[in-house]
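A.B. asks: fold the stuff below for me.
(one chain, ligands or ions: 2)
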Amino acid sequence: VKPLSDLAAHCIRCGFCLESCPTFVLTGQETESPRGRIYLARSADEGVLEWDREVKEHIDTCLGCLACTTACPSGVDYEQILEIARDRLEREVPNRAKQSLLKGMTSPRRLRIQLLLGRLYPGRRIPQFLSKWLSGQSPEAELPRMHPNASYPPLDEAALPPVRGEVYLLEGCAMRVLFPNVHAATRRLLRRVGYGVRESGAGCCGALHAHNGFLGEARALAEKLLQAMQDDLPIIVNSAGCGSTMKHYHNLFEEGPERILPRGEEHVGPDAGPGLGPPWAEGWRSRAFDVSEFLLRQGLGEVLSRGRLDAKVAYHDACHLAHGQGVRSEPRALLSSVPGLELVDLQESDMCCGSAGIYNLTEPQLARRLLERKWRNLVATEAEIVALGNPGCHAWIEQAAREHGSTVRVLHTVEVLEEALNPGKST
Ligand code: SF4
Ligand code: SF4
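C.D. replies: Numbers count the residues shown, from 1 in each chain. Ligands and ions are numbered 1, 2, ... in the order given. The predicted structure is shown next:
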């Protein structure tokens, strides 16, 4: 059991993290920095401060981008501190609006219905309502668009390697509704390196709940996922936030009951199902792979060298890939394997774009400032394609492209790679 104060005690207050923190960079305030937030959370945990609205305000403005964990020389586990603090604050100062939003977003059926109904109310009428409800501020995020599934030509089986194994693919919640083409491209690329997908029917991994203060719900969703993916196969994840959460599932289970229990529920313990609890959660870490990690290891680079895509591409590091999983070189290596593709440098490529799960709904003004900063950096690259690996960043940066009347295409890395192997077919 690691109480919040023990985790926070590793902070030596050196301040090396400050300049990496987007909210500190924007505001210059200590209370909007990692060091300040750790101090507030520790003080509340030790009873020096109350878990009240004032503390919540500063914890709420954190993007959860984890840039501070990359910068910290003392190895402070800021992610756990943030998740525990948010969970505690949700108990003391509950935000029912956020809870219902998450319920709607993490059920593919509900999300699809909501987005279809949203078409009846064009413009920003629904975002306006949501934003006022969640933050009291004017909305910045538009209703996300459901992308069509591109009609790729059938794969030429004769030209493919023999099937050498199976994997699970996390289809998730929002990803499957908003970006079905990303899953289609992922399946094709897996097959191109000899892997088939075993269907699991698994849904939400609990990432949005874990990041937003609902650890009990996150744990329940993690257990459900386990039930659906019991065989010891690799699990391929193409959404950075989900992959980062799954690689850290052990934290969800190793903490004390106070941390992981849904409010008012009793801990069911390891007897709740086969293999549940810390040993399973530990094993999960070695089974979950970001799609770029897995494809690179399985030799997709060689396959891509036979494709072609004449385009200038800028790669945006999603926070939960770069800072959450340390996955930076793999997507770049795959993109660089494509003949004709010029990978250009993007300034501040690993600075958060402001999407951050539901942050662009809960903190629209700060999110907008970060989006505009990201957009300026992207424009400076003169890239024709922005490649990335997370649905939140995808929808948010795509909105910027629309708002600026730009022809820049925003694509998941796997969409770019699959396009390179289907000459003349753009997604
Ligand atoms: S979180 Fe790390 S980098 Fe930041 S002040 Fe604490 S010890 Fe220093
Ligand atoms: S997670 Fe991101 S926004 Fe939050 S304190 Fe760390 S660097 Fe700052």
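
A.B. asks: wait, residue 70 sits on residue 322?
C.D. replies: Yes: using Cβ atoms under 8 Å, residue 70 and residue 322 qualify as a contacting pair, with a distance of 7.4 Å. Heads up, the C-betas are built off the backbone N, CA and C, glycines and all.

A.B. asks: more crowded one of the two?
C.D. replies: Neighbours of residue 70 and residue 322, each counted by other Cβ atoms under 10 Å, are more numerous for residue 322; the result is 24 against 17.

A.B. asks: pretty sure residue 242 sits in a strand.
C.D. replies: No: for residue 242, which was evaluated using DSSP: H, G, I helix; E, B strand; the rest coil, the result is helix, with no strand membership.

A.B. asks: just the pLDDT for it.
C.D. replies: pLDDT for residue 242: 95.

A.B. asks: touching both of residue 70 and residue 322, which residues are there?
C.D. replies: Common neighbours of residue 70 and residue 322, counting by Cβ atoms under 8 Å, 6 or more residues apart in numbering, are residue 350.

A.B. asks: and the host helix or strand of residue 365, what does it pack onto?
C.D. replies: In this assignment (DSSP states H and E), residue 365 forms part of helix 364-381. Packed against helix 364-381 by the contact rule (3 or more Cβ pairs under 8 Å, 6 or more residues apart in numbering; DSSP states H and E) you find helix 22-27, strand 311-315, helix 359-362, helix 391-403.

A.B. asks: wait, which of these is closest to residue 340?
C.D. replies: Taking Cβ to Cβ as the criterion, strand 311-315 is the member of the helices and strands packed on helix 364-381 that comes nearest to residue 340, at 7.3 Å.

A.B. asks: elements contacting the closest one?
C.D. replies: Counting contacts by 3+ Cβ pairs under 8 Å, 6+ apart, strand 311-315 is packed against helix 329-336, strand 341-344, helix 364-381, strand 385-388.

A.B. asks: report pLDDT for the residue of the chain most remote from its centre.
C.D. replies: The C-alpha centroid of the chain is most remote from residue 158, which lies 36.2 Å away (Cα atoms, centre = their mean). Per-residue pLDDT puts residue 158 at 93.

A.B. asks: just the one 10 residues further on next, same as before
C.D. replies: Predicted confidence (pLDDT) at residue 168: the value is 96.

A.B. asks: ok, residue 329 next?
C.D. replies: According to the model, residue 329 carries a pLDDT of 98.

A.B. asks: still on that earlier bit, any idea which of the helices and strands packed on strand 311-315 is most buried?
C.D. replies: strand 385-388 (a mean of 25; mean count of other Cβ atoms under 10 Å).

A.B. asks: tell me what angle the helix holding residue 365 forms with strand 311-315.
C.D. replies: For helix 364-381 and strand 311-315, the angle between their directions (axes from the mean of the first three to the mean of the last three Cα atoms, to 10 degrees) works out to 140 degrees.

A.B. asks: do helix 364-381 and ligand 2 meet?
C.D. replies: No: counting by Cβ under 6 Å from any ligand atom, no contacts exist between helix 364-381 and ligand 2, the nearest distance being 9.3 Å.

A.B. asks: what's the angle from that helix to helix 391-403?
C.D. replies: Compare the direction of helix 364-381 with that of helix 391-403 by the same axes, to 10 degrees and you get 70 degrees.

A.B. asks: just the mean pLDDT for helix 364-381, thanks.
C.D. replies: Averaged across helix 364-381, pLDDT comes to 97.

A.B. asks: thinking again about what came up before, against ligand 1, how distant is the residue farthest from the centre of the chain?
C.D. replies: 55 Å (Cβ to the nearest ligand atom, to the nearest Å).

A.B. asks: what does residue 334 give?
C.D. replies: Taking Cβ to the nearest ligand atom as the criterion, residue 334 is separated from ligand 1 by 32 Å.

A.B. asks: isn't that residue right up against residue 294?
C.D. replies: No: under the criterion of Cβ under 8 Å, residue 334 is not in contact with residue 294, lying 10.7 Å apart.

A.B. asks: for this structure, what are the low-confidence residue spans?
C.D. replies: Within the chain, the set of residues satisfying pLDDT under 70 comprises 1-2, 120-127, 254-283, 425-427.

A.B. asks: got the residues of it near ligand 1?
C.D. replies: For the chain, the residues found near ligand 1 under the criterion Cβ under 6 Å from any ligand atom are 11-17, 34-35, 38, 68, 71-72, 74, 76.

A.B. asks: how many other residues sit next to the closest residue to ligand 1 within the stretch 51-200 of the chain?
C.D. replies: Among residues of the stretch 51-200 of the chain, the one nearest ligand 1 by Cβ to the nearest ligand atom turns out to be residue 72. It sits 3.2 Å away. Counted with other Cβ under 10 Å, the burial measure for residue 72 works out to 22 neighbours.

A.B. asks: does residue 418 belong to a helix, a strand or coil?
C.D. replies: Each residue gets one of three states, and residue 418 gets helix by three-state DSSP.

A.B. asks: wait, I meant residue 356
C.D. replies: On the basis of three-state DSSP, residue 356 is classed as coil.

A.B. asks: is it true that it touches residue 64?
C.D. replies: Yes: taking Cβ under 8 Å as the contact criterion, residue 356 and residue 64 are neighbours in contact, 6.0 Å apart.

A.B. asks: quickly list what's touching both of those two.
C.D. replies: Both residue 356 and residue 64 are in contact with residue 319, where contact means Cβ under 8 Å, 6+ apart.

A.B. asks: and these two? Which one has more around it.
C.D. replies: A side-by-side neighbour count of residue 356 and residue 64, using other Cβ under 10 Å, places residue 356 first with 26 against 23.

A.B. asks: what sits closest to that one if chain neighbours are left out?
C.D. replies: Closest residue to residue 356 in three dimensions, ignoring its sequence neighbours and counting by Cβ to Cβ, 6 or more residues apart in numbering: residue 63, at 4.2 Å.

A.B. asks: which residues are in contact with each of residue 334 and residue 294?
C.D. replies: Common neighbours of residue 334 and residue 294 are not found (criterion: Cβ under 8 Å, 6+ apart).

A.B. asks: helix or strand for residue 36, just tell me which one.
C.D. replies: Using DSSP H and E, the element containing residue 36 is helix 34-45.

A.B. asks: what about dumping the CA coordinates of that helix to PDB?
C.D. replies: As requested, the backbone C-alpha atoms of helix 34-45 are provided in PDB (Å, rounded to 0.1, in the frame of the first residue of the first chain):
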ATOM      1  CA  PRO A  34       3.500  19.800 -10.600                       C
ATOM      2  CA  ARG A  35       5.400  20.800  -7.500                       C
ATOM      3  CA  GLY A  36       2.500  23.000  -6.300                       C
ATOM      4  CA  ARG A  37      -0.100  20.400  -7.000                       C
ATOM      5  CA  ILE A  38       2.000  17.700  -5.200                       C
ATOM      6  CA  TYR A  39       2.300  20.100  -2.200                       C
ATOM      7  CA  LEU A  40      -1.500  20.800  -2.200                       C
ATOM      8  CA  ALA A  41      -2.400  17.100  -2.400                       C
ATOM      9  CA  ARG A  42       0.100  16.100   0.300                       C
ATOM     10  CA  SER A  43      -1.100  18.900   2.600                       C
ATOM     11  CA  ALA A  44      -4.700  17.800   2.100                       C
ATOM     12  CA  ASP A  45      -3.800  14.100   2.700                       C
END
